[in-house]
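Novice: Structure of the sequence below:
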Amino acid sequence: MSPTPKPTIALYGGSFDPPHIAHLEVIYQTLASFTLDRLFVLVAHQNPFKKPPAFTPKQRLLWMQELLRGVDKVVVSDYEIKQNRPVPTIESVRHFHQTYTPQKLYFVMGTDNVVGLKDWEGYTELINLVHFILVQRQGYPLSTPPSFTHSFLSLENIKCPISSTQIKAVLAKHQISPHLPPLVQSGVLTTFKENHENC
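Specialist: Next up is the predicted model:
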């Protein structure tokens, strides 16, 4: 009996605070550009490098599950949320590496994170465990070529810089940003109002 082939997996983590169309485009383009058995979308409890999120972990997880329901090979993971604390990337990578023993593990991140990557916890171990997929975000040029194993992913359908910070500024005016996926627009706006009505 031949052994079960080891899978090829990818991890794409983020706060998704709130999720927007560029997040979805990263997922769709990763699936289209790389041969994967599974793409795990890791919803963070809290990004170690950012302020506390505007939406609760449960809200953000439910929105991502709703947006990606039925998308083949995609698994929205609550691993980091279950830790109930900011989780360093290396900790998640170790978990999925030990759980799935993949033949190849991709890690998807924006080029805006490359500059500070050497300061990440477990940097040396991280670059030995993963092949980076670097998303070339509009407005975030990469000045120095990375010194680790990587591939580039271009978001051809995203023509302008998009960020959750910009979207929250629009929500604060009680308006809906066009960068919010239609499926969650109403829920995001309503939840933002409820979360911040006493602020």
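
Novice: Need phi/psi at the closest residue to Val188 other than its chain neighbours.
Specialist: Distances taken as C-beta to C-beta, 6 or more residues apart in numbering put Pro18 closest to Val188, at 4.8 Å, once the chain neighbours are dropped. Every C-beta, even on glycine, is put in place using the N, C-alpha and C of the backbone. Pro18 adopts backbone torsions of phi -90, psi 170, taken as degrees, to the nearest 10.

Novice: Show me which residues of the helix or strand bottoming out on mean pLDDT in the chain are buried.
Specialist: Ranked by mean pLDDT, DSSP states H and E, the weakest helix or strand in the chain is strand 150-154, scoring a mean of 90. For strand 150-154, the buried set under the neighbour-count rule, 16 or more other C-beta atoms under 10 Å, comprises 150, 153.

Novice: before we move on, the earlier item: quick one, what contacts the residue nearest to Val188?
Specialist: Residues in contact with Pro18, defined by C-beta atoms under 8 Å, 6 or more residues apart in numbering, are 54-55, 60, 63, 164, 167-168, 180, 184, 188, 192.

Novice: What segments of this protein are helices?
Specialist: Ranges of helices in the chain, per DSSP state H, are 21-33, 57-68, 79-82, 89-100, 123-129, 164-171, 185-196.

Novice: Output these as JSON lines; include the columns mean neighbour count, mean pLDDT and distance to Ala44.
Specialist: Formatted as JSON lines, the helices of the chain follow (neighbours: other C-beta atoms under 10 Å; pLDDT from 0 to 100; distance: least, C-beta to C-beta, whole Å):
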{"stretch": "helix 21-33", "mean neighbour count": "18", "mean pLDDT": "95", "distance to Ala44": "12"}
{"stretch": "helix 57-68", "mean neighbour count": "19", "mean pLDDT": "97", "distance to Ala44": "8"}
{"stretch": "helix 79-82", "mean neighbour count": "18", "mean pLDDT": "97", "distance to Ala44": "5"}
{"stretch": "helix 89-100", "mean neighbour count": "17", "mean pLDDT": "97", "distance to Ala44": "9"}
{"stretch": "helix 123-129", "mean neighbour count": "14", "mean pLDDT": "96", "distance to Ala44": "16"}
{"stretch": "helix 164-171", "mean neighbour count": "18", "mean pLDDT": "93", "distance to Ala44": "12"}
{"stretch": "helix 185-196", "mean neighbour count": "15", "mean pLDDT": "92", "distance to Ala44": "17"}
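
Novice: would a markdown table of the ones you listed with distance to Leu11 be doable?
Specialist: Formatted as a markdown table, the helices of the chain follow (distance: least, C-beta to C-beta, whole Å):
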| stretch | distance to Leu11 |
| --- | --- |
| helix 21-33 | 10 |
| helix 57-68 | 14 |
| helix 79-82 | 10 |
| helix 89-100 | 6 |
| helix 123-129 | 10 |
| helix 164-171 | 19 |
| helix 185-196 | 24 |
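
Novice: For the nearest residue to Arg137 once chain neighbours are set aside, give the beta-bridge partners.
Specialist: Leaving aside its sequence neighbours, Arg137 sits nearest to Gly110 (C-beta to C-beta, 6+ apart; 4.9 Å). Assessed by DSSP bridges, Gly110 has beta-bridge partners Val135.
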